[in-house]
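Novice: need a structure here:
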Amino acid sequence: MQITKAMKLVSTVKLQHAKQKAESTKPYFNMMYSTVCSILAKTSNITHPYLVENGNPKKMVITITSNKGLAGGYNNNVIKEMAAQGLKAEDCEIYAIGRKGYEALGRKGYHIFKNESDIINEPLYSDAINVSKEVLKQYVDGEVGEIYLAYTEFKNTVSQIPHVMKLLPIDVSALEAQAEDAAKTLMEYEPEAEEALNEIVPKYMTSLIFGGFIEAVASENGARMQAMDNATNNAEEMIADLSLKYNRARQNSITQELTEIVAGASAIE
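Specialist: The predicted structure follows:
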């Protein structure tokens, strides 16, 4: 109980820092996502590698989990969400961020393209840039046909929701259907659409990946704090139950001894 209580306190402190960082960065990444979606929704008749399927059935999945356990179902929930979204082992290449996901997916038969578990200890924007460059190269070279991001979204201290987000190819037709003014206002590019998209999409990818890092760190500490709190409560209940059983056994033993003494004294008389 002392160990779990100490771990809860450590996770609480870490959560405060991670929560503050997640809340301060989330508006930027949400705006980046909505802005890029708005730009592409107003784009028509453009053929670009980032917007069209290349025909390769292989999928690259950037999986963000933790390097440590004792966080309840945090790590396992990400893997369950991948299975729920139909990301099968034979179809996927795993870019593992986090040792727990790397080990669990390896046991399930997924091919690990790369393991960069150390990133999640202290994620930086430069780490997201490097990951984005590597997966984009695989996509442009035709090694994979789709790119996904599997991470846990931080809602609050007691709620963390696993997500699988498709990053590429971007479904422009679906965005156009969602945008009410897509037919009225078309996006104009200067100098060329292809050159602009070559700059915009990698930044969009990097932003979402880094956002996933930040959300995952906050979610991990929230899940661990909650798990250690539950473990501490369970330990307290166990101690109370065992203390009650011990006292009853001790009382029965004393009663038995007194009964034997009284019976012996009566026999002598």
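
Novice: show me what the host helix or strand of residue 251 is packed against.
Specialist: Assigned by DSSP states H and E, residue 251 belongs to helix 193-268. Applying 3 or more C-beta pairs under 8 Å, 6 or more residues apart in numbering; DSSP states H and E, we find helix 193-268 packed against helix 2-41, strand 59-64, helix 74-84, helix 125-140, strand 146-156, strand 159-168. (Each C-beta comes from the backbone N, C-alpha and C, glycine too.)

Novice: one more pass at 6 Å, please.
Specialist: helix 2-41, helix 125-140, strand 146-156, strand 159-168 (3 or more C-beta pairs under 6 Å, 6 or more residues apart in numbering; DSSP states H and E).

Novice: who does the last one touch, helix- and strand-wise?
Specialist: Read it as strand 159-168. So strand 159-168, by 3+ C-beta pairs under 6 Å, 6+ apart, packs with helix 74-84, strand 146-156, helix 193-268.

Novice: the ones you listed: which one's closest to residue 14?
Specialist: helix 193-268 (4.6 Å; C-beta to C-beta).

Novice: and the angle for that closest one with helix 125-140?
Specialist: Orientation check (axes from the mean of the first three to the mean of the last three C-alpha atoms, to 10 degrees): helix 193-268 against helix 125-140 gives 120 degrees.

Novice: report the distance from helix 193-268 to the chain centre.
Specialist: Relative to the mean C-alpha coordinate of its chain, helix 193-268 is positioned 21 Å out (C-alpha atoms, centre = their mean, to the nearest Å).

Novice: ranking the helices and strands packed on helix 193-268 by burial, who's on top?
Specialist: Compared across these, strand 146-156 shows the largest average neighbour count, a mean of 21 (mean count of other C-beta atoms under 10 Å).

Novice: what pairs with that strand, and is each one parallel or antiparallel?
Specialist: Sheet pairing for strand 146-156, assigned by DSSP bridges, gives strand 59-64 (parallel), strand 159-168 (antiparallel).

Novice: what's the closest of these to residue 129?
Specialist: Of those, nearest to residue 129 by C-beta to C-beta is strand 59-64, at 13.2 Å.

Novice: just the C-alphas of that closest one, formatted as PDB.
Specialist: Output in PDB follows, covering the C-alpha atoms of strand 59-64 (Å, rounded to 0.1, in the frame of the first residue of the first chain):
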ATOM      1  CA  LYS A  59      -0.500   0.200 -43.700                       C
ATOM      2  CA  MET A  60       2.000   2.100 -41.600                       C
ATOM      3  CA  VAL A  61       0.700   2.500 -38.000                       C
ATOM      4  CA  ILE A  62       2.500   4.900 -35.600                       C
ATOM      5  CA  THR A  63       1.600   3.300 -32.300                       C
ATOM      6  CA  ILE A  64       2.000   5.400 -29.100                       C
END
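
Novice: and residue 25, which of the strands paired with strand 146-156 is closest to it?
Specialist: strand 59-64 (15.0 Å).

Novice: one step back: pLDDT of the helix holding residue 251, averaged?
Specialist: Averaged across helix 193-268, pLDDT comes to 90.

Novice: that helix to helix 2-41, inter-axis angle?
Specialist: Going by the same axes, to 10 degrees, helix 193-268 makes 160 degrees with helix 2-41.

Novice: rebuild the helices and strands packed on strand 159-168 as JSON lines, extending it with distance to residue 60.
Specialist: Converted to JSON lines, the helices and strands packed on strand 159-168 look like this (distance: least, C-beta to C-beta, whole Å):
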{"stretch": "helix 74-84", "distance to residue 60": "13"}
{"stretch": "strand 146-156", "distance to residue 60": "5"}
{"stretch": "helix 193-268", "distance to residue 60": "11"}
